[in-house]
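1. predicted coordinates and the sequence they were generated for:
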Amino acid sequence: MDYEVVLLRHGETSGYDADHGLTELGEQQATARGAELAAELAPGTVVRLPHARTARATATAVAVRAALVAKLGHEQGVGALRPEPWFDNLRFSLHGEGVDTNGGAAPARHALPPGELPDWAREFDRFDHPDRHPIEYWLHNPTLHFEPPHVAAHRMWRGIATAADGHDPADGPLLVVAATHSAPMRAFVAATLGHDAGEPHNLEDVRVRITGDAARVTFREHTVATTVPAHLPPWIDRAWFESFGR
């Protein structure tokens, strides 16, 4: 099947110390991006709108969908919003449970009293350090409690590969617009290009054109032809991966 996936970083948020929504500017960014996407659509295009389950990704998807409908003047072909764990934010192992880094790990860290910190909190502080970019640190340093970059890249691929499930090409061309987060986007791009291409801006996209098992991935000036991964490596637990967020 031939379709396109647009991975969108969420709009500006008021902070990363909890699961915050969008600022007023973030809402404006998402609305403007939705209008731009509407202008690209060929007649008869079917749009699917999966999104990460955080407040900021959900709010981004809501604003993008509303702008699509407003620009097109109708809802025909514009699907409902659908929370999709494959596109979730970076995960963190807190007491053996996988939680959202900002919505789960950050509040738990800030709630700790002063004094000697547990290992997980010290690692979180190395990530959330004022003198470095947290996602860049995560991409280039081994950690024990954060979801590894290659796992994030594999789940993004799974979200992309399953995004067209159930779509009948006779219904029209398919565009999938997925509101997600910079960490999995950046890991996905780095794994595909072979180098870290930098932090995506709010509402900046990564484009993935799928044709059968082949894919073309574009981020900024970079385009790479590749194939959709057919297998998980043996060092990823399949049972855990298949139930990711479900």
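-> Yep, it's here.

2. where along the chain do the strands fall?
-> 2-9, 46-51, 78-83, 91-94, 97-100, 174-180, 205-211, 214-219, 222-227 (DSSP state E).

3. how near is the residue sitting nearest the centre point of the chain to residue 108?
-> Nearest residue to the geometric centre of the chain (C-alpha atoms, centre = their mean): residue 180, 2.8 Å. Residue 180 is 23 Å from residue 108, where distance means C-beta to C-beta, to the nearest Å. In short, each C-beta sits where N, CA and C put it, glycine included.

4. ditto for residue 101
-> 11 Å.

5. and the spatially closest residue to residue 33 that is not a sequence neighbour, what is it in contact with?
-> Excluding the flanking residues, the one nearest residue 33 by C-beta to C-beta, 6 or more residues apart in numbering is residue 203, at 4.3 Å. Residues in contact with residue 203 (C-beta atoms under 8 Å, 6 or more residues apart in numbering) are 8-11, 29-30, 32-33, 60.

6. try it again at 7 Å.
-> 8-9, 11, 29-30, 33 (C-beta atoms under 7 Å, 6 or more residues apart in numbering).

7. same question, residue 160
-> 5, 208, 210.

8. ok, 6 Å please
-> Taking C-beta atoms under 6 Å, 6 or more residues apart in numbering, we find residue 160 in contact with 5, 208.

9. and the one 4 residues further on, by the same measure?
-> Taking C-beta under 6 Å, 6+ apart as the definition of contact, the neighbours of residue 164 are 1, 3, 174.

10. just the residues you listed now: which is nearest residue 39?
-> residue 174 (17.8 Å; C-beta to C-beta).

11. so that closest one touches residue 44, yeah?
-> No - Residue 174 is beyond contact range of residue 44, at 10.5 Å (criterion: C-beta atoms under 6 Å).

12. on that earlier part again, burial measure for the nearest residue to the residue nearest to the centre of the chain once chain neighbours are set aside, as a count.
-> Computed as C-beta to C-beta, 6+ apart, the closest residue to residue 180 that is not its neighbour in sequence is residue 87, at 4.1 Å. When neighbours are defined as other C-beta atoms under 10 Å, residue 87 has 29 of them.

13. can you tell me who residue 174 pairs with across the strands?
-> Bridge pairing for residue 174 (DSSP bridges) gives the partners residue 46.

14. make 13 the starting number, not 1.
-> Renumbered: residue one is now 13, and that last one reads residue 186.

15. can you give me the neighbour number for it?
-> What residue 186 shows, counting by other C-beta under 10 Å, is a neighbour count of 22.

16. pLDDT score for it?
-> Here the pLDDT value assigned to residue 186 is 98.

17. tell me which residues touch it, please.
-> Residue 186 sits in contact with 15, 58, 176, 179, where contact means C-beta under 6 Å, 6+ apart.

18. so how far is residue 224 from the third one?
-> So that's residue 176. Residue 176 is 11 Å from residue 224, by C-beta to C-beta.

19. same check on the first one?
-> Here residue 15 is placed at a distance of 11 Å from residue 224 (C-beta to C-beta).

20. these two - which one has more neighbours?
-> residue 15 (19 against 9).

21. so how far is residue 50 from the residue lying closest to the more buried one once chain neighbours are set aside?
-> With C-beta to C-beta, 6+ apart as the criterion, residue 15 has its nearest non-adjacent residue at 4.0 Å, and that residue is residue 186. Separation of residue 186 from residue 50 (C-beta to C-beta) stands at 15 Å.

22. and the helices in the chain?
-> 36-52, 67-84, 118-122, 131-139, 146-152, 161-173, 194-205, 250-254 (DSSP state H).

23. could those go into CSV alongside mean pLDDT and distance to residue 211?
-> As requested, the helices of the chain are exported to CSV (pLDDT from 0 to 100; distance: least, C-beta to C-beta, whole Å):
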stretch, mean pLDDT, distance to residue 211
helix 36-52, 98, 15
helix 67-84, 98, 16
helix 118-122, 97, 19
helix 131-139, 98, 15
helix 146-152, 97, 6
helix 161-173, 98, 14
helix 194-205, 98, 6
helix 250-254, 94, 26
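
24. okay then, goodbye and thanks.
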